[in-house]
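Student: Fold the following, please.
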Amino acid sequence: MIESIRTKLIENFNQVVRNRYLYEMDLDKSELWNVYLSSFPDGANPIYKTRTVHDCSACRSFFKAIGNTVWIDENTMEIHSIFEFDTGSSIYQPVMDALSEFVKKHPIKDVYLSNERRVGQDHDSLLVGSVVETFKHFYLDLPSHLVYDGNYSRQHSYLTRESQKGYYRDNKNVFKRSLDEISMEAIDTVLELTASKTLYRGEEWTSALTEFRKSKEEYERLDPDKKDAYAWYMSTKTNNYAVQRIRNHSIGVLLTDISEGVDLEDAVRKYEAIVAPSNYKRPKAIFTKKMLEEAQKTVEDLGYMNSLERRFARIDDINVHDILFSNKDAAKHIEGNVFDDLMKSAKTTPKNFSRVEEIGIERFIKDVLPTTNEMEVYFESRHIPNLVSLIAPVHKEAKSMFKWDNGFSWAYTGNIADSDIKANVKKAGGMVDAALRFSIQWNDGLEHDPNDLDAHCTESTVYGHKKEIYFGSMYSVKTDGKLDVDVIHPVPHTPAVENIVYPTKNRMLPGSYEFDVRCYSDRGGKSGFRAEIEFDGKIYQFNYSSKLRANERIRVATVEMDSNGNLSIKKFLSSEEKGREIWGLVTNQFIPVSVMMNSPNYWSLNDGKEGIGNKHYMFMLDGCINPEKPNGFFNEYLKGELIEHKRVFEALGSKMAVEASNDQLSGLGFSSTKRNDIVVKVKGNTERIMKVIF
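Tutor: Coordinates of the predicted model:
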């Protein structure tokens with residue numbers, strides 16, 4: 001009878017396992033064998049000599065080798081024992097049913113792999129007295145995918161059968177954890193970011209994300225008791241390692257953070273820190289369709305739709321009470337028509353002063369402006385980052401979106417709310433708080449400068465040590481100096497920076513540190529560069545406005561360290577430069593001021609009101625025309641009721657960019673939080689040249 005049952009077992013096995021994997025259940029194999037022996041009906045397993053008829057060592061080996069395995073139905077995720085088949089025998093059917101029930105009540109622990117192609121044996125012979133008796137046993141011939149293949153394993157770095165099983169086990173564990181912990185919303189969010197090309201190299205994950213999303217949908221539809229089987233099934237079904245272990249990849253970090261409620265911007269920034277170069281700047285704001293819909297509803301509900309459209313401000317937009325100074329021509333157009341009120345004294349023949357006075361900005365406003373009829377500022381090349389435009393709402397009566405009462409905003413050149421080399425270096429991931437810092441910046445004007453400029457430092461110490469720090473050798477072991485920001489391909493409308501720093505003086509050696517800028521690749525850029533050297537709390541600024549040729553090297557300065565650790569500087573780059581044309585102006589000459597004012601967040605401060613945020617002092621200049629398309633607004637300006645949608649408003653600020661116009665208020669702006677100065681020529685009863693300190 002066993003031969004007939006064995007045949008049906010083999011037929012069933014070959015049918016259900018042809019293209020399926022088997023999985024081992026976590027059970028006691030000795031107990032499994034006891035279930036087999038104890039499940040025969042009464043009288044069906046009598047004693048044969050010393051043991052029962054079915055107590056066979058060959059069959060016991062078979063049951064221990066493969067009896068604890070199951071297969072998984074790919075359509076229902078039901079688990080089935082290999083003993084689930086119709087025996088057609090009243091003796092064996094209860095046995096097979098009992099075995100199946102026992103096996104399936106345990107959890108899966110591993111994928112099944114055998115060292116041998118055949119499990120069990122067909123028969124054996126035994127001499128009983130003078131007669132040779134043949135005994136039939138259970139056996140199965142396994143398909144190749146269930147047999148451990150050493151050659152295959154070496155191709156995949158598996159050294160043993162157990163390590164190959166461990167690979168599948170790890171696949172299952174990571175895959176199930178991914179399915180449990182990564183939300184559908186997170187998957188959809190990242191897919192949307194990859195589709196919009198907002199995520200750095202995100203499109204490389206589109207296929208894996210799409211497949212993982214499909215698995216997540218299938219997983220969520222399953223009953224809880226089938227989810228573990230699904231994870232095991234999928235760990236062997238697919239050869240896509242990226243899908244099985246998606247949680248362990250960089251994109252998995254992003255998915256997990258979003259699922260755990262991390263702010264989208266912070267989650268993306270963490271992802272970019274893993275995969276993107278230090279100088280990477282994301283081309284688009286981070287937001288999703290859902291975020292856009294929610295932001296639009298808020299804007300509509302709160303009545304801000306008419307506030308989104310922006311344009312350059314004109315002189316006739318400004319109320320006289322918001323003006324600190326205006327020249328005669330500008331005052332005629334100022335709202336309020338109180339030119340006479342602004343003129344505190346009659347114009348007289350000015351006196352010339354040979355000495356340049358220094359004066360703080362607030363004292364300048366209080367003591368000098370009231371008697372000033374005309375004003376000019378000396379526009380140096382170093383002031384180019386201070387170029388600023390005042391922005392107004394297209395609809396004059398539109399509700400203000402900003403923290404202050406009026407609807408005006410401002411934008412510095414390069415489309416940022418404020419601008420300086422140190423901030424851009426920090427934004428690029430460079431160190432700015434160091435014993436000695438050398439930073440360079442280019443591509444910060446109107447025209448794109450695609451040149452590849454490199455910062456260099458040549459160390460020559462009193463001990464004979466020589467070392468050059470640059471992109472090809474970014475770290476000096478002796479002094480701890482390092483290049484920590486390296487830009488090869490400048491992004492249009494984005495300042496490019498490089499940065500060399502010495503974190504502490506105690507690692508530096510006495511000697512000279514020569515700082516140069518080299519044009520590694522001339523790609524047609526003409527704008528030159530700006531540079532800063534900072535040590536001992538002082539910042540030295542340099543400008544080079546001429547075009548650099550390929551391989552041309554410009555000496556900026558040399559910093560000397562003496563034996564006591566004191567630093568001093570010797571400048572090589574001349575501060576006398578030819579004028580540079582930008583925004584309709586030419587640098588290194590006096591430019592008439594049409595209007596001077598505080599930034600809009602400090603307008604109309606009556607009844608003890610205080611300004612909001614940092615104050616900026618703005619000198620609007622005659623003939624200053626901003627040819628860029630500045631953002632209509634920036635997130636740091638927005639009211640709290642809008643800032644919850646900051647990702648969408650970041651994109652809206654760019655989308656609502658201001659169109660070109662020759663009728664505009666543009667000039668130079670200076671933040672109260674940054675030390676700076678400008679030479680001003682004022683005329684009233686006398687003519688005075690003053691250095692105004694901010």
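
Student: So which residue of this protein lies furthest out from the middle?
Tutor: S130 (83.7 Å; Cα atoms, centre = their mean).

Student: And that residue, what's its pLDDT?
Tutor: What the model reports for S130 is a pLDDT of 73.

Student: and what of A411?
Tutor: Looking at A411, its pLDDT reads 87.

Student: Could you tell me which other helices and strands the helix or strand hosting it packs against?
Tutor: Assigned by DSSP states H and E, A411 belongs to strand 409-412. When contacts are defined as 3 or more Cβ pairs under 8 Å, 6 or more residues apart in numbering; DSSP states H and E, strand 409-412 packs onto strand 387-393. Glycine gets a C-beta too; all of them are placed from N, C-alpha and C.

Student: burial of I274, as a residue count?
Tutor: For I274, the neighbour count with other Cβ atoms under 10 Å is 12.

Student: Would it be right to say that it lies in a helix?
Tutor: Yes: under DSSP: H, G, I helix; E, B strand; the rest coil, I274 sits within a helix.

Student: I'd say it and I251 touch.
Tutor: No: I274 is not in contact with I251 according to Cβ atoms under 8 Å; the separation is 9.5 Å.

Student: The residue lying closest to L99 once chain neighbours are set aside in helix, strand or coil?
Tutor: Nearest residue to L99 in three dimensions, chain neighbours excluded: F83, at 4.4 Å (Cβ to Cβ, 6 or more residues apart in numbering). Of the three states, F83 takes coil under three-state DSSP.

Student: isn't F83 right next to K104, touching?
Tutor: No: using Cβ under 8 Å, F83 is not in contact with K104, being 9.8 Å away.

Student: Looking at the two, which one has more neighbours?
Tutor: Higher neighbour count among F83 and K104: F83, with 25 against 15, using other Cβ under 10 Å.

Student: ok, the more buried one - contacts?
Tutor: Applying Cβ atoms under 8 Å, 6 or more residues apart in numbering, one finds that F83 lies in contact with L9, G67, M96, D97, L99, S100, V103.

Student: Tabulate those residues (JSON lines), appending distance to M596, secondary structure and neighbour count.
Tutor: Listed next are these as JSON lines, based on distance: Cβ to Cβ, whole Å; DSSP: H, G, I helix; E, B strand; the rest coil; neighbours: other Cβ atoms under 10 Å:
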{"residue": "L9", "distance to M596": "96", "secondary structure": "helix", "neighbour count": "20"}
{"residue": "G67", "distance to M596": "92", "secondary structure": "coil", "neighbour count": "26"}
{"residue": "M96", "distance to M596": "96", "secondary structure": "helix", "neighbour count": "23"}
{"residue": "D97", "distance to M596": "95", "secondary structure": "helix", "neighbour count": "15"}
{"residue": "L99", "distance to M596": "93", "secondary structure": "helix", "neighbour count": "22"}
{"residue": "S100", "distance to M596": "90", "secondary structure": "helix", "neighbour count": "18"}
{"residue": "V103", "distance to M596": "87", "secondary structure": "helix", "neighbour count": "23"}
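
Student: Tell me the one among these nearest to L668.
Tutor: Nearest to L668 among these: V103, at 81.9 Å, using Cβ to Cβ.

Student: So for that closest one, what's the pLDDT?
Tutor: Note on V103: pLDDT of 97.

Student: same check, this time on the one 10 residues further on
Tutor: Predicted confidence (pLDDT) for L113: 93.

Student: what's the answer for D263, then?
Tutor: D263 carries a pLDDT value of 82.

Student: swap in S157?
Tutor: For S157, the pLDDT comes out at 52.

Student: Next secondary structure after the strand or helix carrying C457?
Tutor: In the assignment (DSSP H and E), C457 maps to strand 452-461. Downstream of strand 452-461, the first helix or strand assigned by DSSP H and E is strand 466-469.

Student: What is that next one packed up against?
Tutor: Using 3+ Cβ pairs under 8 Å, 6+ apart, the elements in contact with strand 466-469 are strand 452-461.

Student: From the contact counts, what lies against the strand it packs on?
Tutor: Using 3+ Cβ pairs under 8 Å, 6+ apart, strand 452-461 sits against strand 436-442, strand 466-469, strand 496-502, strand 511-521.

Student: Send me the third one as CSV with only the CA atoms.
Tutor: The C-alpha trace of strand 496-502 is given here as CSV (Å, rounded to 0.1, in the frame of the first residue of the first chain):
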residue,chain,number,x,y,z
ALA,A,496,29.0,79.0,-7.2
VAL,A,497,31.4,78.8,-4.2
GLU,A,498,34.5,76.9,-3.1
ASN,A,499,35.9,76.9,0.4
ILE,A,500,39.2,76.1,2.1
VAL,A,501,39.4,76.2,5.9
TYR,A,502,41.8,75.6,8.7
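
Student: Which strands border that strand, and is each parallel or antiparallel?
Tutor: strand 436-442 (antiparallel), strand 482-485 (antiparallel) (DSSP bridges).

Student: I'd like to check the angle between it and strand 452-461, please.
Tutor: Angle, strand 496-502 to strand 452-461, by axes from the mean of the first three to the mean of the last three Cα atoms, to 10 degrees: 10 degrees.

Student: What are the contacting residues of strand 496-502?
Tutor: Under the criterion Cβ under 8 Å, 6+ apart, residues 279, 421, 424-425, 428, 430-432, 434-444, 449, 453-457, 469, 479-487, 490, 508, 513, 515 lie in contact with strand 496-502.

Student: Might you calculate how far it sits from the centre of the chain?
Tutor: 21 Å (Cα atoms, centre = their mean, to the nearest Å).

Student: Buried residues in that strand, which are they?
Tutor: A496, V497, E498, N499, I500, V501, Y502 (16 or more other Cβ atoms under 10 Å).

Student: Beyond the worst-scoring helix or strand of the chain on mean pLDDT, next helix or strand please.
Tutor: Ranked by mean pLDDT, DSSP states H and E, the weakest helix or strand in the chain is helix 339-342, scoring a mean of 39. For helix 339-342, the following helix or strand on the C-terminal side (DSSP H and E) is strand 357-360.

Student: That's all I had, so thanks and see you.
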